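Undergrad: Give me coordinates for this.
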Amino acid sequence: MADETKSQQSGDKAKEATVYDGRLFRRILSFLGPYKGRVLIASVLVLGTAFLGALQPKLVQLAIDNHVVEGDVSGLLRIVGLLALVLVGQGLTAFAGGYLTQWVGQHALYDLRTRVFRHIQRQPLGYFDRTPIGRLITRTTSDIEALSNLLSAGVVSILGSLSQIVFIAYFMFTLNVRLALVALAVMPLMFWATMTFRNRVRVVYRETRKQVSRLNSFMQEHITGMPVVQMFNREAEELRRFRGINDEHRQAQVKGVFYYALFFPAVDLIASLALALVIWFGGTEAMRATLTVGVLIAFIQYVRRFFEPIRNLSDQYNTLQSAMAASERVFDVLDHDAALAEPDEPRSIDECQGRIEFENVWFAYENLPDSDEPNWVLRDVSFTVEPGQTVALVGATGSGKTTIINLLLRFYEVQRGEIRVDGVPIQHLALEDLRHHIGLVLQDVFLFSGSLADNITLGDPAKSLTDVQHAIDLVGADRFIDVLPDGLAHEIGERGVTLSHGQRQLVSFIRALVYDPAIIVLDEATSSVDTETEELVQTALGTLMKGRSALVVAHRLSTIQDARQILVMHKGQIRERGTHQDLLTLDGLYRKLYELQYADQERTAA
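TA: Numbering: from 1, shown residues only. Below is the predicted model:
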C-alpha cells in the first residue's frame with residue numbers, strides 16, 4: 001500500500017512538472033510572438049531541409065536498382081544531377097533557416113533582457129535591500145543567456161529534428177514495411193533511456209542554475225568589498241568560503257556531465273543494435289532475392305540518419321532544460337513586482353513653489369521578528385518647509401534623518417500620515433514629476449564609467465554644455481575641472497576612481513544643480529569634503545538657495561547655523577526645533593551635539 005502511495009505521489013509530481021514545464025515553455029515562446037512571420041518562414045525552411053535530407057537515400061536506392069543494375073548510364077547521370085540539386089537545395093535552405101532563426105532569437109533575447117532591466121529599475125529601494133545584487137546580475141546576464149540557444153535555434157531545431165524523424169520513417173515504410181519494423185524494434189529501449197535521462201537532467205539543471213547564482217553573488221559582493229577583506233586580512237577565510245561554493249558548483253556540473261557521458265554512448269549503442277538488425281534481416285532477404293541491394297543500402301543510410309536527430313533532440317533537451325531552469329528564475333523576478341503604485345489620474349505641479357509638509361508620518365522598514373508591532377524608524381513626525389526656506393535635520397546616527405529624505409523622494413512608502421509637496425500628497429504625483437522638482441546630493445556619491453559631462457547630465461540630451469557650465473560656475477568647481485586632461489570630456493573610470501572623494505561630491509552637486517530643481521536635498525553633502533572644498537560648496541549654496549527650498553541633513557553643525565529651522569531628531573522623533581541660537585538657549589540635545597563638536601574641533605586644532 002505504501003509503495004502504491006509513493007508511486008502515485010511520484011506520478012503526480014511528474015505530471016505537475018510536465019504541466020509546469022509546458023507553462024514555462026509557452027511563456028518563453030511568447031517572446032517570439034512579435035516575429036511569428038519570420039518564425040513561420042524559418043520553420044518552412046527547416047522542414048524543407050529535413051525533407052531534402054531524407055530524400056537522398058531514396059535517390060541512391062533508385063540509382064542502384066533502376067540504373068546501376070540495368071546498366072543505364074544516362075539514367076544514372078540524371079539521378080546524380082538530381083542528387084546534386086538536392087544537396088545544393090539542402091545547403092541553401094539550411095543557411096537561410098539557420099540565419100533567420102538566429103536573427104529572431106537574438107531580437108527576442110533583446111526584448112526579454114530589456115523587459116527584465118526595465119522591471120528592475122521600477123523597483124523601490126526596499127527591493128534592493130532584500131535582494132542580493134549578484135543575484136539580479138545573474139538573472140539579467142547568464143540566466144537570460146541560457147535562453148539564447150532555445151530562442152535562437154532551439155524551437156525551430158526541435159521542429160527540424162522531429163520532421164527528420166517523420167520523413168525518414170515515411171521513406172523507410174514506403175521502401176519496405178517489414179524491414180522498417182525491424183529497424184524500429186529498438187525504439188522502446190530508446191524511449192526508456194531518454195525518459196530516464198530526462199528525469200535526471202531536470203534536477204541537475206535546476207541545481208546548476210542555483211549554484212551559478214550563488215557563485216555570482218559571492219563574486220560581486222566580495223570584489224566590491226575587497227578593501228574590507230584586505231584591511232582585516234580575511235583573504236584566507238574568504239578563499240575558503242569561495243572554494244566551498246565553487247566546489248558545490250563543480251559537483252553540480254560534473255553530475256550533469258556524468259548523465260550526458262552515459263546517455264550519448266547508450267544512444268550510439270542502441271543505434272548500432274538497430275543497424276545490426278537491419279544488416280542481418282535485410283542481408284538475409286537480399287540473399288533470398290526478396291529484397292533489392294538498393295533498398296538495403298538505402299535502409300543502412302536511413303538507420304544511421306534516423307538516430308542522428310534523436311541524438312540532436314537529446315542535446316536540444318539539454319538546451320531546453322537549461323532554459324527551463326533559467327526561465328524559472330527570470331520569470332520569478334518579473335512576477336514579483338514591488339514597484340510603488342502610480343496614481344491612475346496623476347496630478348501635476350507646473351510651477352513648483354517648493355513647499356514641503358510632513359504630517360503625522362510614521363514609518364518602519366520591516367516588522368519585528370516576534371511582534372506584529374512594527375519597529376518604527378519615524379514616529380509621528382510633522383514639520384513644514386516653506387518655499388525658499390532652509391530646514392536642517394540633525395541628530396545621532398539612526399535617528400531617522402536619511403529616512404525622511406527617502407520618504408520625500410518616495411523611495412519608500414509611509415505606513416501612516418501624509419507627505420505633501422505644494423499641497424499635493426506625493427502619492428497623487430507621478431514619480432517622474434515628483435523627482436523632477438527635487439535635486440538630491442548624497443553622502444555616498446556614485447559615478448558611472450564615462451566622461452565627466454555624461455555623469456553630470458546622465459545622458460539627458462535636453463541638458464546642454466551651457467547648462468552644465470552654469471552649474472559648474474555656481475559650485476565654483478571650474479578650478480578642478482579645468483586642470484583635468486580633457487576637461488568635461490575626461491573619462492573618470494568606474495565609480496569615479498580618477499577623482500578624489502571631495503571632487504566626486506562636487507560632481508554630484510553639479511549633477512543636481514544642472515536640472516534647476518525647486519527643492520534641494522542634501523544628505524551629509526559636506527561630511528567628507530575638505531575645508532577648502534567645503535568653502536566652495538558653502539559659497540555656492542548662498543546663491544543657490546535663493547528662491548529654493550532646502551532640506552539639509554548634516555553632521556557638521558557649522559554648515560547649517562544659518563538655516564531658518566533646525567530639527568533635532570532622536571529615536572525617530574523630533575525632540576527640538578528652532579534656529580541655531582534658539583536651540584543653544586534651550587540647553588538640550590542640540591547644545592550637547594554642538595559642544596561635543598566644538599570640543600572635537602578644539603582637539604583637532606591643538
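
Undergrad: Let me see the domain layout of the protein.
TA: Annotated domains of the chain cover 15-176+319-339, 177-290, 356-605 [automatic domain parsing].

Undergrad: ok now the last one, how far from the chain's centre?
TA: Mean C-alpha position of domain 356-605 versus that of the full chain (CA atoms, centre = their mean, to the nearest Å) differs by 31 Å.

Undergrad: Out of the domains of the chain, the one nearest E345 is which?
TA: When the domains of the chain are compared by CB to CB, domain 356-605 sits nearest E345, at 8.5 Å. From N, CA and C alone the C-beta is placed, and that goes for glycine too.

Undergrad: what's the average pLDDT for that closest one?
TA: Mean per-residue pLDDT for domain 356-605: 79.

Undergrad: Dump the domains of the chain to TSV, plus distance to P346 and mean neighbour count.
TA: Converted to TSV, these look like this (distance: least, CB to CB, whole Å; neighbours: other CB atoms under 10 Å):
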stretch	distance to P346	mean neighbour count
domain 15-176+319-339	15	17
domain 177-290	36	15
domain 356-605	4	17
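
Undergrad: Format the ones you listed as a markdown table; extra columns: distance to L296.
TA: Putting the domains of the chain into a markdown table (distance: least, CB to CB, whole Å) gives the following:
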| stretch | distance to L296 |
| --- | --- |
| domain 15-176+319-339 | 9 |
| domain 177-290 | 4 |
| domain 356-605 | 67 |
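
Undergrad: Out of these, which is closest to I297?
TA: domain 15-176+319-339 (6.3 Å).

Undergrad: about what we covered before: which stretch among the domains of the chain comes nearest R347?
TA: Of all these, the one in closest proximity to R347, counting by CB to CB, is domain 356-605 (4.8 Å).

Undergrad: for the domains of the chain, which one sits closest to V303?
TA: domain 177-290 (5.0 Å).

Undergrad: how far does that closest one stretch from start to finish?
TA: Terminal residues of domain 177-290 lie 13 Å apart, using CA to CA, to the nearest Å.

Undergrad: quick revisit: for Q301, find the nearest of the domains of the chain.
TA: Q301 sits nearest to domain 15-176+319-339 of all the domains of the chain, at 4.0 Å, using CB to CB.

Undergrad: Of the domains of the chain, which is nearest Y302?
TA: Among the domains of the chain, domain 15-176+319-339 comes nearest to Y302, with 5.3 Å by CB to CB.

Undergrad: Which helix or strand lies directly C-terminal to the longest helix along the chain?
TA: Using DSSP state H to define each element, the chain has its longest helix at helix 235-287. Once helix 235-287 ends, the next helix or strand along the chain (criterion: DSSP states H and E) is helix 293-335.

Undergrad: Does anything pack onto the very next helix or strand once past that following helix? Which helices or strands?
TA: Using DSSP H and E, the helix or strand that follows helix 293-335 in sequence is strand 356-363. In terms of contacts (3 or more CB pairs under 8 Å, 6 or more residues apart in numbering; DSSP states H and E), strand 356-363 is packed against strand 378-385, helix 401-408, strand 416-421.

Undergrad: and the first one, C-alpha only, in CSV?
TA: Meaning strand 378-385. In CSV, the C-alpha atoms belonging to strand 378-385 read as follows (Å, rounded to 0.1, in the frame of the first residue of the first chain):
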residue,chain,number,x,y,z
LEU,A,378,9.9,57.5,12.4
ARG,A,379,7.2,58.3,15.0
ASP,A,380,4.6,60.9,14.4
VAL,A,381,6.9,63.3,12.5
SER,A,382,5.4,66.7,11.5
PHE,A,383,7.1,69.7,10.0
THR,A,384,6.8,72.2,7.2
VAL,A,385,9.4,73.7,4.8
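
Undergrad: for the domains of the chain, which one sits closest to F306?
TA: Per CB to CB, nearest to F306 of the domains of the chain: domain 15-176+319-339, 5.0 Å.

Undergrad: Give me the mean pLDDT for that closest one.
TA: The average pLDDT within domain 15-176+319-339 is 83.

Undergrad: Now do the contacts for the residue nearest in space to the middle of the chain.
TA: Nearest to the geometric centre of the chain sits T140, at 2.0 Å (CA atoms, centre = their mean). By CB atoms under 8 Å, 6 or more residues apart in numbering, T140 lies in contact with 113, 116-117, 120.

Undergrad: Try it again at 10 Å.
TA: The contact partners of T140, by CB atoms under 10 Å, 6 or more residues apart in numbering, come to 112-114, 116-117, 119-120, 330, 333.

Undergrad: mind listing which of those are in helices?
TA: Those of the contacts of T140 lying in helices (DSSP H): 112-114, 116-117, 119-120, 330, 333.

Undergrad: quick check, nearest of those to I79?
TA: Distance to I79, by CB to CB, is smallest for L112 among the ones in helices among the contacts of T140, at 48.0 Å.

Undergrad: In contact with the closest one, which residues?
TA: Contacts of L112 by CB under 10 Å, 6+ apart are 28, 30-31, 140, 144, 147-148, 151, 327, 330-331, 334.

Undergrad: Swap in 7 Å and give it another go.
TA: Going by CB atoms under 7 Å, 6 or more residues apart in numbering, L112 touches 31, 144, 147.

Undergrad: okay if I get the residues you listed as TSV plus secondary structure and distance to L378?
TA: Output for the contacts of L112, formatted as TSV (DSSP: H, G, I helix; E, B strand; the rest coil; distance: CB to CB, whole Å):
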residue	secondary structure	distance to L378
F31	helix	43
I144	helix	39
L147	coil	43
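
Undergrad: closest to L409 among those?
TA: I144 (30.2 Å).

Undergrad: which one is the closest one nearest to, not counting chain neighbours?
TA: Of all residues beyond its chain neighbours, the one nearest I144 is R113 (5.1 Å), with distances taken as CB to CB, 6 or more residues apart in numbering.

Undergrad: Equivalent analysis for V46, please.
TA: V46's closest residue in space is G160 (CB to CB, 6+ apart), at 4.0 Å.

Undergrad: Make sure I have this right: the one you found is in a helix.
TA: Yes: the assignment for G160 is a helix, going by DSSP: H, G, I helix; E, B strand; the rest coil.

Undergrad: Correct me if wrong: it contacts V44.
TA: No: here G160 lies out of contact with V44, judged by CB atoms under 7 Å, at a distance of 11.0 Å.

Undergrad: Phi first, then psi, for L393.
TA: The phi/psi pair for L393 (degrees, to the nearest 10) reads phi -120, psi 120.
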